[in-house]
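>>> give me coordinates for this.
(3 chains)
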Amino acid sequence: MRNRYFSHDSAHNRAAMALYESVADLPLVCPHGHVDAQIFADPDYQFGSPVDLLIIPDHYIFRMLYSQGVALHDLGIAPLPGESAPQDHRAIWQRVCDNWHLFRATPTGIWLRDELADVFDIKLKLNSVNAMAIYDAIEDKLGSPAFRPRALYERFNIEALATTDAAADTLEQHQAIRASGWGGRVIPTFRPDALVNIDAPGWRENINRLSEVSGVIVTDYGSYIQALEQRREFFKTMGATATDHAALTAWTEALSDAGAEAIFQRALSGGATAKDAARFTGHMLVEMARMSSEDGLVMQLHIGSWRNHNPQLYARYGRDMGADIPIRSEFTKNLKALLDRFGNRRDMTLVLFNLDETTYSRELAPLAGHYPLLRLGPPWWFFDSWLGMKRFLDDVVETAGIYNLAGFNDDTRAYPSIPSRHDVWRRVCADWLAGQLLRGFIDDEDAFEMIRALAYDLAKQTYRLDD
Amino acid sequence: MRNRYFSHDSAHNRAAMALYESVADLPLVCPHGHVDAQIFADPDYQFGSPVDLLIIPDHYIFRMLYSQGVALHDLGIAPLPGESAPQDHRAIWQRVCDNWHLFRATPTGIWLRDELADVFDIKLKLNSVNAMAIYDAIEDKLGSPAFRPRALYERFNIEALATTDAAADTLEQHQAIRASGWGGRVIPTFRPDALVNIDAPGWRENINRLSEVSGVIVTDYGSYIQALEQRREFFKTMGATATDHAALTAWTEALSDAGAEAIFQRALSGGATAKDAARFTGHMLVEMARMSSEDGLVMQLHIGSWRNHNPQLYARYGRDMGADIPIRSEFTKNLKALLDRFGNRRDMTLVLFNLDETTYSRELAPLAGHYPLLRLGPPWWFFDSWLGMKRFLDDVVETAGIYNLAGFNDDTRAYPSIPSRHDVWRRVCADWLAGQLLRGFIDDEDAFEMIRALAYDLAKQTYRLDD
Amino acid sequence: MRNRYFSHDSAHNRAAMALYESVADLPLVCPHGHVDAQIFADPDYQFGSPVDLLIIPDHYIFRMLYSQGVALHDLGIAPLPGESAPQDHRAIWQRVCDNWHLFRATPTGIWLRDELADVFDIKLKLNSVNAMAIYDAIEDKLGSPAFRPRALYERFNIEALATTDAAADTLEQHQAIRASGWGGRVIPTFRPDALVNIDAPGWRENINRLSEVSGVIVTDYGSYIQALEQRREFFKTMGATATDHAALTAWTEALSDAGAEAIFQRALSGGATAKDAARFTGHMLVEMARMSSEDGLVMQLHIGSWRNHNPQLYARYGRDMGADIPIRSEFTKNLKALLDRFGNRRDMTLVLFNLDETTYSRELAPLAGHYPLLRLGPPWWFFDSWLGMKRFLDDVVETAGIYNLAGFNDDTRAYPSIPSRHDVWRRVCADWLAGQLLRGFIDDEDAFEMIRALAYDLAKQTYRLDD
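Below is the predicted model of the structure:
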């Protein structure tokens, strides 16, 4: 239904619908996500089975099934290191559908339903009875040229799509996309976590790789910084407009060069402590802000996820298995070292994300409503949901307004779910603005300008995609 | 009114009403509460005066009156150790009614109003004028056989009711209930706090009592564990399906046997520190989970209440005087030691409760939406309220779904309020699901299955009362 | 519109409107705020330009503009120490109006719109086109006798207005008001922060000033306490009914006299540590409560704001530049030392404010719903907003009722915005109570008594303005 999810109250529904319609056909701006560039590099790339496409890569789906006793192995997830997973994708799909009631009233359930309806033209309800009919229908579509990633890019009306890439990546897929002459705008994002978090698994090898790809032999803190700057420059030439940084907390700290060097040397020799790691990450956030102040890349910071919380699952299946659990976050104290240096810069942008909703009204909105540097990213991960978005708007707009927000980003690796995710955001905003309108807080002119900003303009401006 | 508390919007009201009606006559499953087994042991048990029944045992009521300057003594509460309290229960009742405006828009006010109407057939508003008429009417009812606890059990349509019992309790009341041949299912719950929290008042005496009732002479950590296992086994033979654990925080930690023994010996000799106590409690939570993994008892954990916060009141009146105040809670870090060992067990259940609503969306829903072990208990204590329940559903369902919830439990010592408490939960769920339905997130089939699960099935399954 | 901001649902709107109308004409009780007494001392006091009145003193307005890149200097804010600011107030006003879209859906936007409409009779929307017309209209009004502060006091129907004054202030403006024979009730509030927080800038000079104005030569802790008591007594003679205390946290602690003396001597000699400062502030909160127990002044505590978070802005422009950022707050542990001593006093009042909404349901409502001493202040600062107030009522009333609240206070230095601020509170309460009424939680009698209490009675009683 065209007016789905809006308040059923007729005046509210009409107002929301009018606002939504005014932006429904605007292009999708996707400045942050995890789609694999490879699917665009090969013009004939074909997705595998429905399970390959929709289940195996999606930890939103299998975490819930796992919580209710379905083994990951029975969902086609291959254990490490190279044991095989069950190959009967029809049986897996049936198993998922048999348990689909678990997703009632969840965003995962809503995205997949909308995606099936809008992308695959399948209106059947996911359940045990319909499972095979739906599988057949998806499989049938996936075979057609209309379901190649580039064709979907056009059909989805995507204006720009950023991937997220390791800082030492040579971006060959992106090079192939550019070389192919295809008109889609798929750009990389510079993510240096594996080089910056000295306690990351394989950090020493990552540094070697950095030397290799940058052409700067990293032997000390100075050459390390130089190599990182080289990579940023390379990413820029490949179209990047932003960096992305993940950390457990928002702690920032400006070490002296000597202090940074000392930790860096301990890390090189394998003698760094946990405290060294936390301090160095905090320092590198400030240093990355310094680089952004020079090269103009928009900086993103995602904090607050305790990765791989379940050691048994991690040992057997590796990362991204639905076992990342949020922790409490803090910004007012933790960001201070960075803000003291760059908070007043009008020509830079730092976009903040986290998984602790209590920070919205207490810290994030007051910070963004003061510091020119800051914008607030949309609700992240578990909060990329109808009620999560509503709470976000409720909690931040009164203090920060909407013009200190970064609009929406889908943050997904599930490529065909992109339209559904943007659609939910646009609908939430329309419904929320309709409420503001009907109560008389804003007028029509305000509401129509605000929905456009939230649906399109803010993402484009924030991420400097308007050049 | 049959459709009370629902949205007054007509479509919403109708949808909520239909959902509510579909579960309104289902039996009440009461897997956690504090009703005294004694009232069922004696077939002719008679409640005392209206004040004995409704005021003196209910700290929800007298805390509010106390906050506005009414002395506990003037509400019939006897100071320790055995001073007498005022005996004029009519004057006390009048005093309560004179101040009943304090309870406007509170769950306490709503429960008592509903209880008077539905259990006692009294429709008058509680106020100064009606006070004596209401007193008379209650007193009149309490004298009749229809108001004996067993008769009410039938009338309330209770399917099972669990009490909460000290681990060293010999469960004589439960034995009497069983011996009487009465068909009600009243079962104990194993609560070892007084033995496990080594800083509990009277811990040393409690250990002596444990030796006595278990037949295992507790001289060291090994015999202590053995005695606790014996008690669990005894509780199981008396029908228990669950244990309950209270702690200030959710801290868990797996001590070595030697480490546990060392603390235990310090505790026996009176030399344990506050840190010892916190660590030992954390260790015993893991150990209790280990026992549950073997004997199948469902484990409950209630954390986050600073008990007896008011020392003057505690010195004069003792515990449970309305002076327990919540503190901030944390689960992601604190539960890790327990989850590392038992989080992936599909055949065990740990139900979590706490008094810090910020944990709902940040920690509890993500944890329960991943770990097979976990279920979320309903909103506890201060949050056993219309808006508290609504916030709970809003905050957890999108991430955890409803099938990782434990349904409802009334957690009350106020026996005749049980139907009202379950009724509020069923109404909140109906109202909330009606909202989901009207916005098109779920369909009719979903909604009717979900209301039944929330009202009845989940509590029964979670607490293994379906055998 | 008379029924603005209420739910547009017709039954809800009618119910809210009826409740609102019943209190719309009640006088405004303003027990806490930052209006300058000087504007009442001079009967002919005239506000300056529209920018002098509405922009330069209002950090709510310029923080948002600053966050979007407008320099403070370009808004007429004079840098320290005495550089001049731009004098073209028309250009400044135009600049503000050009950026007025930033305030969409914010309380600042709503207050100014309502203030222009209701106080200045200007119905034009603030935007680039209307800017000069609005400027002219405001300027025109400000010149007329009807816009003198005393005339507005009458027109606003203010019953009492408390200013906030340094403890060492000699209250000459208040003396002038009293001497003038004018009938308005403008009273001081005793705020000793600059004397009590030993790390406050200029503390040593403040102590000298205290000696001077009190006539008690402060040489040690004993004379310091005596001098403070003298000042409280003086404030009482000038009509004060309350004190106000600001601190970063709610930490309280009862030092021994010797302990207090030791810190005080270190402070006098410039050798106090940060920890000394925190402990002394905590101790003085207990000591101020002790004084209140004797002199009957109502105590207010505002915590949780990290003042002057932006060092560059602070160095150039000084304090109150929109750079105060909230931090997490805690009461259950922190207030305990004070509550242990005075929590059970029925004849004293401590009103609590903070900027961490998570404390509402977790700590503040349970504390206020138990301790006779406590009342909860209305949502403060960033939360003095439609949704902030709604969340406050949602989060606290079920546990604390409404009779443990302190009603409303506008806490503003923007004098002509006072009616708009009270109006928003009254409307939120009416809308919220209408919701409670339509769902059947309360009845008409309850609702009309509650709206009156929230709009008027509670503020008057809490602050002892009913003598």
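
>>> could you pull out the strands for the stretch 1-150 of chain A?
Secondary structure of the stretch 1-150 of chain A by DSSP state E, counting those that start in this stretch: the strands cover A:28-30.

>>> could you verify that A:Asp410 is part of a helix?
No. Assigned with DSSP: H, G, I helix; E, B strand; the rest coil, A:Asp410 falls outside any helix and is coil.

>>> if I look at the nearest residue to A:Tyr20 once chain neighbours are set aside, how far off is B:Arg439?
By the measure of C-beta to C-beta, 6 or more residues apart in numbering or on different chains, the closest residue to A:Tyr20 outside its immediate chain neighbours is A:Ala430, 3.9 Å from it. C-betas here are computed from N, CA, C, even on glycine. For A:Ala430, the distance to B:Arg439 (C-beta to C-beta, to the nearest Å) stands at 13 Å.

>>> anything in contact with each of those two?
In terms of C-beta atoms under 8 Å, 6 or more residues apart in numbering or on different chains, A:Ala430 and B:Arg439 are both contacted by the residues A:Phe6.

>>> the two - which one has more neighbours?
Between A:Ala430 and B:Arg439, A:Ala430 has the larger neighbour count (other C-beta atoms under 10 Å in any protein chain shown), namely 28 against 18.

>>> burial of the residue nearest to A:Arg2 when sequence neighbours are not counted, as a residue count?
With C-beta to C-beta, 6+ apart as the criterion, A:Arg2 has its nearest non-adjacent residue at 7.4 Å, and that residue is A:Met17. The tally of other residues near A:Met17 (other C-beta under 10 Å) stands at 18.

>>> go on, A:Asp193?
When neighbours are counted by other C-beta under 10 Å, A:Asp193 registers 18.

>>> can you pull the contacts of it?
A:Asp193 makes contact with A:200, A:245-247, according to C-beta under 8 Å, 6+ apart.

>>> same list, those residues, but as TSV with pLDDT, neighbour count and distance to A:Ile122 please.
Output for those, formatted as TSV (pLDDT from 0 to 100; neighbours: other C-beta atoms under 10 Å in any protein chain shown; distance: C-beta to C-beta, whole Å):
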residue	pLDDT	neighbour count	distance to A:Ile122
A:Ala200	91	14	41
A:His245	98	21	39
A:Ala246	96	20	35
A:Ala247	96	21	40
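
>>> restricted to strands, list these.
Those of the contacts of A:Asp193 mapping onto strands are A:245-247, per DSSP state E.

>>> spatially central residue for chain A, please.
Chain A has A:Asp411 as the residue nearest its centroid, 2.2 Å off, counting by C-alpha atoms, centre = their mean.

>>> that one contacts A:Trp380, doesn't it?
Yes. Counting by C-beta atoms under 8 Å, A:Asp411 touches A:Trp380, with 6.8 Å between them.

>>> find residues that contact each of the two.
Contact criterion C-beta under 8 Å, 6+ apart; residues shared by A:Asp411 and A:Trp380: none found.

>>> tell me the domain boundaries of chain A?
Chain A resolves into domains spanning A:10-45+A:145-462, A:46-144 when parsed by automatic domain parsing.

>>> most packed of those domains?
Per residue and on average, the most neighbours among those fall to domain A:10-45+A:145-462, with a mean of 20 (mean count of other C-beta atoms under 10 Å in any protein chain shown).

>>> how long is that one from one end to the other?
35 Å (C-alpha to C-alpha, to the nearest Å).

>>> so what's A:Phe448 up against?
Per C-beta under 8 Å, 6+ apart, neighbours of A:Phe448: A:19, A:22.

>>> that older thread, for chain B, see how far away the residue nearest to A:Tyr20 is.
According to C-beta to the nearest C-beta, to the nearest Å, A:Ala430 and chain B sit 13 Å apart.

>>> cool, and A:Ile418?
19 Å.

>>> next SSE after the helix or strand encompassing that residue?
For A:Ile418, the element it lies in under DSSP states H and E is helix A:418-438. Sequence-wise, the next helix or strand downstream of helix A:418-438 (DSSP H and E) is helix A:444-452.

>>> give me the residue from the stretch 51-200 of chain A nearest chain B.
Relative to chain B, the nearest point of the stretch 51-200 of chain A is A:Gly69 (4.2 Å; C-beta to the nearest C-beta).

>>> contact partners for the residue of the stretch 1-150 of chain A found nearest chain C?
Nearest residue of the stretch 1-150 of chain A to chain C, counting by C-beta to the nearest C-beta: A:Ala11, 6.0 Å away. Contacts for A:Ala11 (C-beta under 8 Å, 6+ apart) come out as A:438, C:8.

>>> try A:Pro86
A:73-74, A:76, A:92.

>>> and it, backbone torsions?
phi -60, psi 140 (degrees, to the nearest 10).

>>> mind checking how far it is from A:Ile327?
34 Å.

>>> what do you get for A:Phe441?
Distance from A:Phe441 to A:Ile327, counting by C-beta to C-beta: 35 Å.

>>> possible to save the domains of chain A as CSV with distance to B:Leu355?
Shown next, in CSV, are those (distance: least, C-beta to C-beta, whole Å):
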stretch, distance to B:Leu355
domain A:10-45+A:145-462, 15
domain A:46-144, 24
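
>>> contacting residues for A:Leu112?
A:Leu112 neighbours (C-beta under 8 Å, 6+ apart): A:54, A:61, A:103, A:126, A:417.

>>> closest one of these to A:Arg232?
For those, the residue nearest A:Arg232 by C-beta to C-beta is A:Ser417; the value is 30.1 Å.

>>> my read is that the closest one contacts A:Leu116, right?
No. Between A:Ser417 and A:Leu116 there is no contact under C-beta under 8 Å: 10.3 Å.

>>> and chain B, is stretch A:359-374 touching that?
No. Judged by C-beta under 8 Å from any C-beta of the partner chain, stretch A:359-374 and chain B are separated, with a smallest distance of 9.9 Å.

>>> touching chain C at all, that stretch?
Yes. Part of stretch A:359-374 sits near chain C under the criterion C-beta under 8 Å from any C-beta, namely A:361-363, A:365-372, A:374.

>>> nothing else from me, thank you.
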